[in-house]
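>>> need a structure here:
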Amino acid sequence: MVASLPDDWRTPRPRDEGLPAAYLGKPHIGQLEHTSDVKAVAWSPDGTKLAAGGYDKKIIVWDASTQKKVLEVDVGDWVECLDWSGDGKTLGCGGGFDKQGKLFDAEDGELQETLDHGGIVYACAFAPTQPVFACGCFEKKVTLWHKDRGHLLRTLSCDGVLKALAWRPDGSMLASGGFDAAVTVWRADASRTKQPEEIVWRSKLDSIAADCRDLAYTPDGSILASCDWADKVIGFDAATGKRLWEITNPAEQHFFALAFSPEGDVFVAGGWDFRATMYRLEDRKKLASEYIGPETEDHVGGQTVRSIKFAPDGKTVAFCSDDRSVHLWARDAATRVSVAEEVEVE
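Numbers count the residues shown, from 1 in each chain. From the prediction side, this is the model:
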């Protein structure tokens, strides 16, 4: 039997009214409110701003220190994925039935380029060392576009709908994952447009139902982690694809998002359990967990954690969810919170 929810369980909680202990803990330092579910977040490279987008068909840019809105970009359709270019000049996004990736000026929100695809764009990421914007879409392809000129550089064919992309920090590799229940790492030199696709390694996940939902590299590029529909986060040797470790969500709920700290000592994962949980990378020990869902006997959806990003200085974690909010979490305060639950480590 599912317990009844409070009438206002999806209503954003204004910051100045305080946050009920049942929803948020002491490490919570802010809640940025949208008018619909928030699907993606991205920090500016200098950490002064935070962009977020979702079902309200907008990208909203927030001042990270004042938590005030500084820019609102009309995208025209819902935002499924979002990234901020390394030079700080461009916001890239995808999503919507218009089947487009889009590039906007990060200063004034002006549309710079529309990148047409044959299906919904579910994942996007700017290359760290090249002027390249990668998109992964419903038509089982990864497309690489010139960030400044807007033309297609090359296409990588995949075995399933794409849901996740991540560049290795040195820009040499691009990892992809999705409904093929696998993680694939590509040699990502966009200048080699006439060369055949080159897969560095590919690793199948544990079952056909283990759809990959997010990917992240450690800052030194030595580990690639995936999170999946089979309730696991798996760490791979980034060079060889060898499995190094895995953790299983003790709540038996799907993971949707993960991110490593800039120092590379911890990572945060979240998903269908309405939590963002911080783990120490060295031994995968759980350090802290932030619950943003209503008190229910069973999870019934509505506050799934969709995207997680550390600020460039590593002090703040931003994560967004279906509660129409972006939550800000202070890392130092979070690691002081006592968590009684144990996590299964392999």
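
>>> use CA for all of it now, contacts and neighbours both
Noted.

>>> where does the stretch 51-200 of the chain dip in pLDDT?
For the stretch 51-200 of the chain, residues meeting the criterion pLDDT under 70 lie at 190-196.

>>> can you give me the strands in it?
Counting by DSSP state E, counting those that start in this stretch, one finds strands in the stretch 51-200 of the chain at the ranges 58-63, 69-74, 81-84, 90-95, 100-105, 111-116, 121-126, 132-137, 141-146, 152-157, 162-167, 173-178, 182-187, 199-204.

>>> need the contact list for the most centrally placed residue in the chain.
Per Cα atoms, centre = their mean, the C-alpha nearest to the average position across the chain is that of Ser307, at 3.6 Å. Ser307 is in contact with 39-41, 256-258, 319-321, counting by Cα atoms under 8 Å, 6 or more residues apart in numbering.

>>> From Thr277, how far out is the nearest residue in space to Ile60 that is not next to it in sequence?
The shortest distance from Ile60 to any residue other than its chain neighbours is 4.6 Å, reached at Glu72 (Cα to Cα, 6 or more residues apart in numbering). Taken as Cα to Cα, to the nearest Å, the spacing of Glu72 relative to Thr277 amounts to 30 Å.

>>> Neighbours of Glu198, how many?
Each residue near Glu198 was counted by other Cα atoms under 10 Å, and the total is 12.

>>> Now the strands of the stretch 51-200 of the chain in TSV, please, with extra columns for distance to Ile292.
Output for the strands of the stretch 51-200 of the chain, formatted as TSV (distance: least, Cα to Cα, whole Å):
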stretch	distance to Ile292
strand 58-63	21
strand 69-74	22
strand 81-84	21
strand 90-95	25
strand 100-105	30
strand 111-116	34
strand 121-126	24
strand 132-137	29
strand 141-146	33
strand 152-157	38
strand 162-167	24
strand 173-178	26
strand 182-187	29
strand 199-204	32
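
>>> right, so of those, which gets closest to Leu328?
Go through those one by one with Cα to Cα and the one that ends up closest to Leu328 is strand 58-63, at 11.8 Å.

>>> The nearest residue to Lys140 once chain neighbours are set aside: what's it in contact with?
Of all residues not flanking Lys140 in the chain, Val161 sits nearest, at 4.6 Å (Cα to Cα, 6+ apart). Residues in contact with Val161 (Cα under 8 Å, 6+ apart) are 136-141, 178-180.

>>> again with Asp108
Leu71.

>>> and if you look at Val38?
Contact criterion Cα under 8 Å, 6+ apart gives 52-55, 306, 320-326 as the residues in contact with Val38.

>>> out of those, which one sits closest to Val79?
Distance to Val79, by Cα to Cα, is smallest for Gly54 among the contacts of Val38, at 4.5 Å.

>>> is it true that the closest one touches Glu80?
Yes. When contacts are counted by Cα atoms under 8 Å, Gly54 is listed as touching Glu80 (6.2 Å).

>>> Which of these two has more residues huddled nearby?
Legend: neighbour count by other Cα under 10 Å for Gly54 and Glu80, higher for Gly54 (31 against 25).

>>> Overlap in contacts, Gly54 and Glu80.
Among the neighbours of Gly54, those also in contact with Glu80 (Cα under 8 Å, 6+ apart) are 39-40.

>>> Could you tell me which of the contacts of Val161 count as buried?
Among those, those buried by neighbour count (16 or more other Cα atoms under 10 Å) are 136-141, 178-180.

>>> Is His146 in contact with Ala127, as I believe?
No. Judged on Cα under 8 Å, His146 makes no contact with Ala127 at a distance of 10.1 Å.

>>> Which one's more surrounded, those two?
With other Cα under 10 Å as the criterion, His146 and Ala127 differ in neighbour count, and Ala127 comes out ahead with 25 against 17.

>>> ok, back up a step: columns neighbour count, secondary structure and distance to Ile292 on top of the contacts of Ser307, output as TSV?
Rendered in TSV, the data for these read as follows (neighbours: other Cα atoms under 10 Å; DSSP: H, G, I helix; E, B strand; the rest coil; distance: Cα to Cα, whole Å):
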residue	neighbour count	secondary structure	distance to Ile292
Lys39	28	strand	15
Ala40	28	strand	17
Val41	28	strand	17
Phe256	29	strand	15
Ala257	30	strand	15
Leu258	29	strand	16
Phe319	31	strand	11
Cys320	31	strand	10
Ser321	29	strand	9
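
>>> which of those residues lies closest to Trp62?
Sorting the contacts of Ser307 by how near they are to Trp62, with Cα to Cα, puts Val41 at the top with 10.7 Å.

>>> Run through the bridge partners of the closest one.
Each beta-bridge partner of Val41 is listed here: Ala52, as defined by DSSP bridges.

>>> residues touching it, list them.
By Cα under 8 Å, 6+ apart, Val41 lies in contact with 50-53, 81-83, 307-309, 318-320, 326.

>>> Now render those residues as CSV, adding distance to Leu111.
Below are those laid out as CSV (distance: Cα to Cα, whole Å):
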residue, distance to Leu111
Leu50, 19
Ala51, 16
Ala52, 16
Gly53, 15
Cys81, 16
Leu82, 14
Asp83, 15
Ser307, 24
Ile308, 25
Lys309, 24
Ala318, 25
Phe319, 26
Cys320, 24
Val326, 24
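
>>> Pretty sure Ala238 sits against Ser226.
No. Taking contact to mean Cα under 8 Å, the distance of 11.3 Å between Ala238 and Ser226 leaves them out of contact.
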